[in-house]
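Q: the sequence isn't on hand, but the structure is:
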């Protein structure tokens, strides 16, 4: 069995700890680097202590020194941190699994450019269930292409900083593509006041933030006399962590290229 050497960015965060737990229980993976932001209270502490299983890998801010020897960096941080890591991974030939959301269109183009040099799996949601849901949405939108109004509702914990979620936007993109629409032209982000009647081509987004909601997403196809709802609800970050490790395994024989979870799961 080939062992993958894994580095984790944002290792002390909520998602970082879920990744530490997943790697610790994966027989084909070994943690070799744990990164955190400058000023973190966890710097120089054993990363394994965060999950009650010391592993001998200290948390560091020095990504340049920590990344050599890593096969794959898993990054669920923020765009600015991810792009700092991207430059280092590109220089040191380290593959990346990126679950960060909130990238601009320009930043997404930069990811494509970097993928000419290293292999990257980039997906706003690494959950296997969410990615099956995306396939179901593609099928549903292709059939419900006339007479149905489409609304996307998402809910996350109070600490999430971007809205709508990357997953909700991805769902919108999948639906819009299946309908032959450009999401940037038909998306409606929230409504207030006298908005007038909705247009038949609109794809609406509604956002909820509160408590410790891990991630709920529902796409509603509202027709005359019926309503179809396709939903995914996550109750633990473990589902995202396991999906990320599946993506890392997928990259093991890839030298370059930009992939997503549809590629990882063979849903193309």
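A: Great, that's in hand. This structure is a prediction, so every number in the text was calculated from the model and none was measured.
Q: could you list the low-confidence segments of the stretch 151-268 of the chain?
A: Of all residues in the stretch 151-268 of the chain, none has pLDDT under 70.
Q: can you show me the strands along it?
A: With DSSP state E, counting those that start in this stretch, the ranges of strands along the stretch 151-268 of the chain come out as 187-189, 203-209, 215-222, 227-234, 257-259.
Q: in the second one, what's buried?
A: Taking 16 or more other C-beta atoms under 10 Å as the neighbour-count basis, strand 203-209 is seen to contain the buried residues 203-207. Any C-beta I mention is one placed from the backbone N, CA and C, and that applies to glycine too.
Q: circling back: select, out of the strands of the stretch 151-268 of the chain, the one closest to residue 13.
A: Taking C-beta to C-beta, strand 215-222 is the member of those nearest to residue 13, at 15.1 Å.
Q: immediately after the helix or strand encompassing residue 59, which helix or strand?
A: Remark: residue 59 resides in strand 59-60, with elements defined by DSSP states H and E. Moving toward the C-terminus from strand 59-60, the next helix or strand (DSSP H and E) is helix 63-66.
Q: before we move on, the earlier item: okay, the strands of the stretch 151-268 of the chain in a markdown table with distance to residue 99 next?
A: As requested, those are exported to a markdown table (distance: least, C-beta to C-beta, whole Å):
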| stretch | distance to residue 99 |
| --- | --- |
| strand 187-189 | 22 |
| strand 203-209 | 19 |
| strand 215-222 | 12 |
| strand 227-234 | 13 |
| strand 257-259 | 13 |
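Q: ok, which of these comes nearest residue 118?
A: strand 257-259 (8.8 Å).
Q: what is the closest one packed up against?
A: Applying 3 or more C-beta pairs under 8 Å, 6 or more residues apart in numbering; DSSP states H and E, one finds that strand 257-259 contacts strand 119-122.
Q: average pLDDT for the strand it packs on?
A: Mean pLDDT, strand 119-122: 98.
Q: stretch 28-44 too?
A: For stretch 28-44, the per-residue pLDDT averages 97.
Q: what does it contact?
A: Here stretch 28-44 makes contact (C-beta atoms under 8 Å, 6 or more residues apart in numbering) with 1-12, 16, 20, 23-24, 47-48, 50, 55, 57-61, 63, 66-67, 69-70, 73, 77, 81, 85, 245, 248-249.
Q: ditto for stretch 169-188
A: Contacts for stretch 169-188 (C-beta under 8 Å, 6+ apart): 123-125, 133-134, 137-138, 141-142, 145, 150, 152, 164, 198-199, 201-205, 217, 219.
Q: ok, stretch 147-157 next?
A: Residues external to stretch 147-157 that are found in contact with it (C-beta under 8 Å, 6+ apart): 141, 164-165, 167-168, 171-172, 175, 198, 200, 202-224, 228.
Q: which ChimeraX command selects the buried ones in those?
A: In ChimeraX syntax, the buried subset of those is picked out as below (16+ other C-beta under 10 Å):
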select :141,164,165,167,168,171,172,175,202,203,204,205,206,207,213,214,215,216,217,218,219,220,221
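Q: buried residues, stretch 100-114. List them.
A: 100-103, 111, 114.
Q: next one: stretch 232-239
A: In stretch 232-239, counting by 16+ other C-beta under 10 Å, buried: 232, 234, 237-239.
Q: same thing with stretch 47-55?
A: Those would be 47-48, 50-51, 55, for stretch 47-55 by 16+ other C-beta under 10 Å.
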